[in-house]
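*Asks:* okay, predicted coordinates and the sequence, questions at the end:
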Amino acid sequence: MTALEIDRLHKAYTDTYSGEEVTAIDEVSFAVKEGEFVSVLGPSGCGKTTVLNIVAGFVRQSGGTVVVDGRPVDGPGPDRGVVFQSHALFPWKTVLGNVAFGLRMRGVPRAERNARAREFLELVGLNGFAHRYPHELSGGMQQRLGVARVLANEPAVMLMDEPFASIDAQTRRKLQEDLTGIFETRRPTVFFVTHDVDEAVFLSDRIVVLSRRPSRVREIVNVKLPRPRRWQDTAELPEFRRIANRVNELLAVDEDTATGGVAGKDVEGGHDAA
Ligand SMILES: Nc1ncnc2c1ncn2[C@@H]1O[C@H](COP(=O)(O)OP(=O)(O)OP(=O)(O)O)[C@@H](O)[C@H]1O
């Protein structure tokens, strides 16, 4: 079943100072199936975050439609949970309280919400930290908490906007492995924005490569790598490098154009319908 359908999405911003109109997204269409991990990748400033913010309901599109679980998006809602790059946690609540909060909002009784919150803390490896406060956690642990908080609410789609971008390289690898482990056990539907090609290949079932602004879908690349995935084994597979090379090749089209290189050059390869 389709969890998220983005159809001919278009977004123009009006610059507050100059009053000029900037088209961020020209026309973007793709769908994410239930239990699928889809990453969106593209050159800097191509509109990745804008697509995510429109899906989250934080930003309104200028054209096109976004449908989540069969319902058109019209503002934020509990069917979409967002994990941000910087941790949007409640500093005055404990780790347990942060996870239980959304459940409370949804009217889940106290005993059940604490049990559910603990289950998700265990899933992300934070079971020993239930009574700590966010400032007592490392950046990586805060990000795990962000994931637990979203997953506990069982959203139709988990939206992740470069969640590991500000985390040191070694911790990032561990968090990526943990995220893929969580994905393999619980199969949430994930829409993941990144500019890290290896990260996208490691985590995803499919990668939507956008062109530079005003963006369009350049190609949707299938990632048919076996799961469970572990950096040590997965990155060794020839198929991993083949896919990463393919994505880099697609991104290079825009770099060439931007630097006045092979303008308009296109790459070979079949397009995959969304
Ligand atoms: N509120 C806004 N007002 C005006 N222009 C905006 C606004 N938000 C984004 N833009 C413009 O829209 C374009 C797309 O921005 P967006 O942040 O979505 O891109 P991105 O691909 O996520 O960028 P990055 O890779 O740098 O994170 C950019 O040119 C940006 O300057």
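*Replies:* Good, I have the coordinates.

*Asks:* residue 57 is in contact with residue 76, isn't it?
*Replies:* Yes: Residue 57 lies in contact with residue 76 (CB atoms under 8 Å); the separation is 4.0 Å. Glycine gets a C-beta too; all of them are placed from N, C-alpha and C.

*Asks:* and the helix or strand containing residue 98, what other elements does it pack with?
*Replies:* Taking DSSP states H and E as the criterion, residue 98 maps to helix 95-105. Using 3 or more CB pairs under 8 Å, 6 or more residues apart in numbering; DSSP states H and E, the elements in contact with helix 95-105 are helix 110-123, helix 139-152.

*Asks:* winner for burial among those helices?
*Replies:* Highest mean neighbour count among the helices and strands packed on helix 95-105 (mean count of other CB atoms under 10 Å): helix 139-152, with a mean of 23.

*Asks:* one step back: and the contacts of the helix holding residue 98?
*Replies:* Applying CB atoms under 8 Å, 6 or more residues apart in numbering, the set of residues contacting helix 95-105 from outside is 78, 81, 89-90, 93, 110, 112-114, 116-118, 120-121, 126, 129-134, 137, 145, 148-149, 152-153.

*Asks:* so which of the helices and strands packed on helix 95-105 comes closest to the ligand?
*Replies:* Proximity to the ligand (CB to the nearest ligand atom) singles out helix 139-152 among these, at 17.3 Å.

*Asks:* for the stretch 1-150 of the chain, give me the ranges with low pLDDT.
*Replies:* Counting by pLDDT under 70, the stretch 1-150 of the chain contains low-confidence ranges at 87.

*Asks:* can you list the residues of it near the ligand?
*Replies:* Counting by CB under 6 Å from any ligand atom, the residues of the stretch 1-150 of the chain close to the ligand are 13, 15, 22, 24, 42, 44-50.

*Asks:* for the closest residue to residue 86 other than its chain neighbours, report the pLDDT, please.
*Replies:* Distance criterion CB to CB, 6 or more residues apart in numbering; nearest residue to residue 86, sequence neighbours excluded, is residue 166 at 7.0 Å. Here, the pLDDT recorded for residue 166 equals 82.

*Asks:* again with residue 258
*Replies:* 61.

*Asks:* circling back: doesn't residue 138 make contact with the residue nearest to residue 86?
*Replies:* No: Residue 166 lies out of contact with residue 138 (CB under 8 Å); the separation is 12.0 Å.

*Asks:* re the thing from before, with distance to residue 67 as added columns, please give the helices and strands packed on helix 95-105 in TSV.
*Replies:* Listed next are the helices and strands packed on helix 95-105 as TSV, based on distance: least, CB to CB, whole Å:
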stretch	distance to residue 67
helix 110-123	27
helix 139-152	20
